[in-house]
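Student: Predicted model and sequence below, questions to follow.
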Amino acid sequence: MKSNNKILILSLFILFAILTSGILIRKYLIKTTDTYLAELKKVEFNITNDNWSEAEKRLEKLESNWMQTQSKWGLFTDHKEIDNITISLKSTTAYVKSKNFSQSLASLRTLQHYLSHIPNMEAFTLENIF
C-alpha cells in the first residue's frame, strides 16, 4: 500500500511538472513573439514611409537577437518552424537592403505569420497532444 502511495505522489508530481513547464514555455513564447512582432511593425512603418536605412537597422538588430532566441526555441519548438523564421528574416533583410517595396512587405508579412502562430502550435491543448 505504501508503494502505491509513493507511485501516486510521484505521478502527480511529474504531471504537475509537465503542466507547469508547458505553461511557462507558452508564456515565454508569447512574450518573445510579441516583442518580435512589435519590432516588425516598426520595420513595416519604416518601409511604408520610405525610411529604408532605419528599417534595415531594425532588421539587423532583430536578426542578431533572433540568433540568440532560436537556440532557446529549439529546445521546445519544431526546427522546421525555426528554419522558416530564419529564412524569412534573411529574405526580408535582403529585400529591404535592395529597397524592393513589394517584396519587402510580402516577406515581412510571411515572417509575421511564422512568428505569430508558434505560441498556438506549442500550446498545451488536446488538438496538439493528439
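Tutor: Cool, got the structure.
Student: which residues of the protein fall in helices?
Tutor: Using DSSP state H, the helices of the chain run over residues 2-48, 52-73, 79-97, 101-116, 118-121, 126-129.
Student: could those be laid out in a markdown table, adding mean neighbour count and mean pLDDT?
Tutor: Glycine gets a C-beta too; all of them are placed from N, C-alpha and C. A markdown table is the format used below for the helices of the chain (neighbours: other CB atoms under 10 Å; pLDDT from 0 to 100):
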| stretch | mean neighbour count | mean pLDDT |
| --- | --- | --- |
| helix 2-48 | 13 | 92 |
| helix 52-73 | 16 | 95 |
| helix 79-97 | 18 | 96 |
| helix 101-116 | 18 | 96 |
| helix 118-121 | 17 | 82 |
| helix 126-129 | 8 | 54 |
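Student: I'd like the distance between L29 and Y114.
Tutor: Counting by CB to CB, to the nearest Å, the gap from L29 to Y114 is 13 Å.
Student: gap between stretch 39-46 and the chain center?
Tutor: When C-alpha coordinates are averaged (CA atoms, centre = their mean, to the nearest Å), stretch 39-46 and its chain have centres 17 Å apart.
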